[in-house]
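In: Sharing a sequence plus its predicted fold:
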Amino acid sequence: MKSFLIFRNNIIINKYNINKIINCNNTRFINNNNNNNNNNSNNNKLNCINNNNNNNNNNRYFCSKNPITPTTSTTIKTNLLKITKTMSETSKLLDNKKIELNEKYNNPQLIEKGILAGIPDIFDGIIVNDTTQYPKGEDSVNKFKEIIKKSLEFWTENKRRGIWVEIPESYSILIPTLVENGFSFHHCQSNYIMLTKWLPTANGEPNKLPHYTSHFIGCGGVVINDRNEILLITEKQRPDKWKIPGGANDPGEDICQTAVREVFEETGIRTEFVSILGFRQLHNYAFNRGDIYFVCALKPLTLEINSDPSEIAQCKWAPVKEFTEIETPFPLQKSVSRLAYDYCFNGYKGMKASAVANSLRAGNSFVYHSSETDFDDLKQKE
């Protein structure tokens, strides 16, 4: 059974575990678990009240052992039942509206009228990605001009906002027609180009369509063995510059997976993810995009190096302290060496990964944190 959080009336509810509630207004954590009288402090559920620590400007939390009274317990359950009922009714209304909008804007009958059918999004926009409705043949451009004219009139009349039109390479002859009608290039992939048009400009409303992907994601692996040696490489392009192994995140890949894969591909060392020690954000990277680089602690499962000769010039295990003393022109690698030292010798742990169910599609994603909070009930079970 999936487990997820619902936000309503300033209360966060774990839908399938009614015992856990967080009142966001008072920053109080309440657990109504009258059946658990275990004296183990790890299992006792306490009221946690936000408290300012006089020795630190940051907010801290302390635990108050004031018990939840039966009256409070009953009130909480009653309120939860009311909220759950309201949410159920609201969900039905949203589902019905979604069906209604889809029938109106993604209806094959529109195509018969010379209007593009598209998927309505939650922001009152339309996504046109069914390319089978685009005209073909010698007169396809003129036909498409008429289709776009009727479509824009229909969308404007019905107060649609952002319009997204996907054009595959095989229909690239239609792109100039969209540009002539005020569409702009949004992004391009190997097999299509996406154009957009913001319709409410006549009302003076600024374009609120999101920009395309703004950052690259990269991961480096801090791999330290039982002898306090760290795995280091030099790349063929810079054979004298020592650094940790790592590389770019692949589509659909989690950060914790990227670090493990890249280390294995470059060095032949198998590892498992432990934590994120830190990350660096860089502006104006390739193609004027940003770059976020995650430094991941990995536990080695093997020790024998078998580096990739097409990418790697040198690869070795070196004392962590030696890495901190290596002269390098890269401040990032110098900061990595200090994180590695702190992780190896000073007990720094970084942020672990906890699986949490996705709200919009099947499967889990990861929340990275340094809390002792248990997220196990939030992940989608196999």
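Out: Nice, thanks for sending it over. Quick caveat: nothing in here was measured; it's all calculated off a predicted structure.

In: how close does the closest residue to residue 105 other than its chain neighbours sit to residue 96?
Out: Sequence neighbours aside, residue 120 is the residue nearest to residue 105 in space, at 4.7 Å (criterion: Cβ to Cβ, 6 or more residues apart in numbering). For glycine as for every other residue, the C-beta is placed from the backbone atoms N, C-alpha and C. As judged by Cβ to Cβ, to the nearest Å, residue 120 and residue 96 stand 14 Å apart.

In: Please identify which of those two sits among more neighbours.
Out: Shown here are residue 120 and residue 96; by other Cβ atoms under 10 Å, residue 120 has more neighbours (20 against 10).

In: related to what we said a few turns ago, distance of the residue nearest to residue 105 from residue 157?
Out: Taken as Cβ to Cβ, the span from residue 120 to residue 157 is 15 Å.

In: And the helices in the stretch 201-350 of the chain?
Out: Ranges of helices in the stretch 201-350 of the chain, per DSSP state H, counting those that start in this stretch, are 255-267, 320-325, 331-345.

In: quick one: which of those is nearest residue 367?
Out: Of all these, helix 255-267 sits nearest to residue 367, with 11.3 Å by Cβ to Cβ.

In: can you give me how far that closest one is from the chain middle?
Out: Computed by Cα atoms, centre = their mean, to the nearest Å, the chain-centroid distance of helix 255-267 equals 19 Å.

In: what's it packed up against?
Out: Under the contact definition 3 or more Cβ pairs under 8 Å, 6 or more residues apart in numbering; DSSP states H and E, helix 255-267 sits against strand 215-223, strand 229-235, strand 246-248, strand 271-282, strand 290-300, strand 312-319, strand 364-369.

In: Within the sheet, what are the partner strands of the fifth one, with directions?
Out: Okay, so that is strand 290-300. Using DSSP bridges, strand 290-300 pairs in its sheet with strand 215-223 (parallel), strand 271-282 (antiparallel).

In: Of the ones you listed, which stretch is the most buried?
Out: Mean neighbour counts were taken over the strands paired with strand 290-300 using mean count of other Cβ atoms under 10 Å, and the top value, a mean of 23, falls to strand 215-223.

In: How about residues contacting that one?
Out: Residues outside strand 215-223 that contact it (Cβ atoms under 8 Å, 6 or more residues apart in numbering) are 230-231, 243-249, 255, 258-260, 262-263, 269, 271, 277, 281, 285-286, 289-300, 336, 339-340, 343.

In: before we move on, back to that, is it possible to export the strands paired with strand 290-300 to TSV including mean pLDDT and distance to residue 316?
Out: Shown next, in TSV, are the strands paired with strand 290-300 (pLDDT from 0 to 100; distance: least, Cβ to Cβ, whole Å):
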stretch	mean pLDDT	distance to residue 316
strand 215-223	95	12
strand 271-282	96	16
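
In: Which helix or strand in the protein has the lowest average pLDDT?
Out: Scoring the helices and strands of the chain by mean pLDDT, DSSP states H and E places strand 59-64 at the bottom, with a mean of 30.

In: Residue 360: which element?
Out: Using DSSP states H and E, residue 360 is not contained in any helix or strand.

In: What distance do you get for residue 213 to residue 146?
Out: Using Cβ to Cβ, we find residue 213 at a distance of 34 Å from residue 146.

In: typo on my end, it should be residue 188
Out: Using Cβ to Cβ, residue 188 is found at 26 Å from residue 146.

In: Residue 279 too?
Out: 51 Å.

In: got a list of what the residue lying closest to residue 128 once chain neighbours are set aside touches?
Out: Using Cβ to Cβ, 6+ apart and skipping residues adjacent in sequence, the residue nearest residue 128 is residue 118, 4.0 Å away. By Cβ under 8 Å, 6+ apart, the contact list for residue 118 reads 105-106, 126-130, 163-164.

In: ok, residue 118 to residue 348 distance?
Out: Distance from residue 118 to residue 348, by Cβ to Cβ: 50 Å.

In: next one: residue 222
Out: 11 Å.

In: Now do the shared contacts for these two.
Out: Joint contacts of residue 222 and residue 348 (Cβ under 8 Å, 6+ apart) are 277, 339.

In: if we can go back for a sec, ok, of the contacts of strand 215-223, which come out buried?
Out: Buried subset of those (neighbour count, 16 or more other Cβ atoms under 10 Å): 230-231, 243-247, 249, 255, 258-260, 262-263, 269, 271, 277, 291-298, 300, 336, 339-340, 343.

In: Tell me, how many residues neighbour residue 268?
Out: Residues lying near residue 268 (other Cβ under 10 Å) number 15.

In: Could you find the closest non-adjacent residue to it?
Out: Closest residue to residue 268 apart from its sequence neighbours, by Cβ to Cβ, 6+ apart: residue 306 at 3.0 Å.

In: Any chance of the backbone angles for the one you found?
Out: With angles defined as degrees, to the nearest 10, residue 306 sits at phi -140, psi 80.

In: how far away is it from residue 316?
Out: As defined by Cβ to Cβ, residue 306 lies at a distance of 13 Å from residue 316.

In: What's the per-residue pLDDT of residue 93 here?
Out: On pLDDT, residue 93 comes in at 53.

In: just checking, residue 369 touches residue 352?
Out: Yes. Between residue 369 and residue 352 there is a contact under Cβ atoms under 8 Å: 6.8 Å.
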